[in-house]
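*Asks:* generate coordinates for the sequence data below:
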Amino acid sequence: MKTKTNGFAALALCALLFCLALGGCGKSSGSGGEVKSFTLAVTHADGSVKNFDLSSDKEMLGDALAAEGLIEGEEGQYGLFVTTVDGETADSGAQQWWALTVDGETATTGVDSTPITEGAAYGLTLTVGY
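*Replies:* This is a model prediction of the structure:
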């Protein structure tokens, strides 16, 4: 009986070491981060809202949305300036821009410096006027 217990302990130890060698248990491949689920509501110029249920192992919102093909933009001194969301491009000549919200509040960071939080509700709204 003692041999079976030692065998089980050795097997458990091997499994733990294998898991750690792969970069940690419960983590996905890709960015190596924990997979988090969140929502994104996109409000278009015509007022229609399209909701997305997403999950990602990326740390920052911009990386996750770009990987999903939901945003495009231009890199600037303050990070990514989002110009296109869900196929709709803001018209800078008409002073249109994409406003970011986090859980209903105006974001104080850009998409590429906004961390993804499990269960958070993000929004991108096409806004007119600077």
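
*Asks:* direction included, what does the helix or strand harbouring F81 pair up with?
*Replies:* Assigned by DSSP states H and E, F81 belongs to strand 79-85. Note on strand 79-85: by DSSP bridges, its sheet partners are strand 71-76 (antiparallel), strand 88-89 (antiparallel).

*Asks:* what's the closest of those to E118?
*Replies:* E118 lies closest to strand 71-76 among those, at 20.6 Å (CB to CB). Every residue, glycine included, has its C-beta placed from N, CA and C.

*Asks:* run through the strands of the protein in chain order.
*Replies:* Under the criterion DSSP state E, the chain contains strands at 36-43, 49-56, 71-76, 79-85, 88-89, 96-102, 105-106, 121-128.

*Asks:* quick one: which of those strands is nearest T114?
*Replies:* Nearest to T114 among the strands of the chain is strand 96-102; the distance by CB to CB comes to 6.6 Å.

*Asks:* can you name the residues in contact with that closest one?
*Replies:* Contacts with strand 96-102, where a contact means CB atoms under 8 Å, 6 or more residues apart in numbering, come from 45, 82-83, 85, 90, 106-107, 110-111, 114, 117, 120-128, 130.

*Asks:* now do 7 Å
*Replies:* If you take CB atoms under 7 Å, 6 or more residues apart in numbering as the criterion, strand 96-102 is touched by 82, 85, 90, 106-107, 111, 114, 120, 122-128.

*Asks:* most widely separated two among those?
*Replies:* Top of the distance list for the contacts of strand 96-102 (CB to CB): A120 and V128, 25.9 Å.

*Asks:* okay, the two: which has more neighbours?
*Replies:* Neighbour count, other CB atoms under 10 Å: between A120 and V128, A120 has more, with 16 against 11.

*Asks:* make sure that one is actually in contact with K36.
*Replies:* No - using CB atoms under 7 Å, A120 is not in contact with K36; the gap is 8.2 Å.

*Asks:* quick one on the thing from earlier: what's the closest of the strands of the chain to L65?
*Replies:* Of all those, it is strand 71-76 that lies closest to L65, at 4.4 Å by CB to CB.

*Asks:* what's the angle between that closest one and strand 36-43?
*Replies:* Using axes from the mean of the first three to the mean of the last three CA atoms, to 10 degrees, the inter-axis angle of strand 71-76 relative to strand 36-43 is 90 degrees.
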